[in-house]
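[1] Sequence first, predicted model second:
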Amino acid sequence: RRQAGKNERRRQMKEEQWLEKRVEELADKCRMRDIPAHTEFLNLNEQDIFCRTMQKQKDVRWVLDGGYPMAERKVGLFLPSYAEDQDVSMLPVSCVHILPLNAKFADSLNHRDYLGALMNLGIERHKTGDIVTDGTRAWLFCMTDLAQYICENLRQVRHTSVYGEISEVPEEVLQPRFETIEGSVASVRLDALLALAFRTSRSKMVPCLEAGQVFVNGRLVLSASEVPPEGAIVSVRHMGRFVYRGVKNATRKGRLFVTVDRYV
């Protein structure tokens, strides 16, 4: 078991080194040729590696975006000199709307169902981003060069016949549903905010921090005492995400009354 753990760590280190090198190559391509360059979709761990690598690349502008404001999986886009800061118009990401052929006989489908159907088409995970679903329909974010292929070949999800069409991002995805949670905390430390958002104790959230499962704006955070900025998106793997809205007021006993919007 100990040897297996060592082998897994070596594998992870090799993957991190490969990603660092790839990010540096893309940054150099953008700098030398003054053209946009991009990664494929990055998960939260990969986004953290991306950000740490780009801290050394001071002369290249970049943005992480997944096609809509609350995206978890994102593409790293390197901006040429003629692009404005935070310009995502060159982002090679499309939205595919997936619908049942007959809504009356459609199954209730979840994220895993859609992802499994895509994997059955031989599509690699780094080619696709988030999948937002309401149970009967889904909006898939994917690399633009793959969108038409998905529309032409995705015909079934579980037992439901479906079809896909490239679409604009709808309002229900641009404006996601939140559950607003308010409460008092001793301080705006990350562990206190996590406990409030997930309705548990601070001590129960510490293992998540220690295991590298907590990200603030795509950056891995290990410290329980971290103070996120207002508006920060906090993601906890296998648990969910929330937006820290800030301090509303202080109680007479010196505690802080804060608000978070948990993504549902």
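    That came through, no problem.
[2] where do the helices sit along the stretch 101-250 of the chain?
    Ranges of helices in the stretch 101-250 of the chain, per DSSP state H, counting those that start in this stretch, are 111-120, 144-153, 171-174, 190-197, 202-210.
[3] Of these, which stretch is the most buried?
    Between the helices of the stretch 101-250 of the chain, helix 190-197 has the highest mean count of neighbours, a mean of 23, where neighbours are mean count of other Cβ atoms under 10 Å. Just so you know, the C-beta spots here come from the backbone N, C-alpha and C atoms, and that holds for glycine as well.
[4] on that earlier part again, wait, which of the helices of the stretch 101-250 of the chain is closest to Pro228?
    Ranking these by distance to Pro228, with Cβ to Cβ as the measure, places helix 190-197 first at 6.2 Å.
[5] Any chance you could list what contacts that closest one?
    The set of residues external to helix 190-197 that reach it, using Cβ atoms under 8 Å, 6 or more residues apart in numbering, is 181, 183, 185-186, 200-202, 204-206, 208-209, 214, 216, 221, 223-228, 234, 236, 242, 244, 258, 260, 262.
[6] for the record, mean pLDDT for it?
    Looking at helix 190-197 alone, the average pLDDT works out to 96.
[7] that older thread, a markdown table for the helices of the stretch 101-250 of the chain, including distance to Leu26?
    Rendered in a markdown table, the data for the helices of the stretch 101-250 of the chain read as follows (distance: least, Cβ to Cβ, whole Å):
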| stretch | distance to Leu26 |
| --- | --- |
| helix 111-120 | 25 |
| helix 144-153 | 17 |
| helix 171-174 | 28 |
| helix 190-197 | 31 |
| helix 202-210 | 31 |
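[8] Worst mean pLDDT among those?
    Note on those: helix 171-174 shows the lowest mean pLDDT, a mean of 84.
[9] okay, that one in PDB with CA atoms only?
    Taking only C-alpha atoms (Å, rounded to 0.1, in the frame of the first residue of the first chain), the coordinates of helix 171-174 have been written out as PDB:
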ATOM      1  CA  GLU A 171     -30.500  33.000 -19.100                       C
ATOM      2  CA  GLU A 172     -31.100  30.100 -16.700                       C
ATOM      3  CA  VAL A 173     -27.400  29.100 -17.000                       C
ATOM      4  CA  LEU A 174     -26.100  32.700 -16.900                       C
END
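[10] show me where pLDDT drops low in the stretch 1-150 of the chain?
    Low-confidence segments of the stretch 1-150 of the chain, defined by pLDDT under 70: 1-9.
[11] what about the strands in it?
    Along the stretch 1-150 of the chain, the segments classed as strands by DSSP state E, counting those that start in this stretch run 37-42, 61-65, 74-79, 93-100, 128-133, 138-143.
[12] now for the helices of the stretch 101-250 of the chain, which one comes closest to Gly254?
    The stretch from the helices of the stretch 101-250 of the chain with the least distance to Gly254 (Cβ to Cβ) is helix 190-197; that distance is 13.7 Å.
[13] how far is that closest one from where the chain is centred?
    20 Å (Cα atoms, centre = their mean, to the nearest Å).
[14] biggest strand in this structure by residues?
    With residue count as the measure and DSSP state E as the assignment, the chain has strand 240-250 as its longest strand.
[15] In that one, which residues are buried?
    Applying a neighbour-count criterion of 16 or more other Cβ atoms under 10 Å, one finds Arg241, Phe242, Val243, Tyr244, Arg245 buried in strand 240-250.
[16] That one versus helix 190-197: what angle between them?
    Here the directions of strand 240-250 and helix 190-197 differ by 100 degrees (axes from the mean of the first three to the mean of the last three Cα atoms, to 10 degrees).
[17] could you say what helices and strands strand 240-250 packs with?
    Packed against strand 240-250, as judged by 3 or more Cβ pairs under 8 Å, 6 or more residues apart in numbering; DSSP states H and E, are the following elements: strand 178-185, helix 190-197, strand 233-236, strand 256-263.
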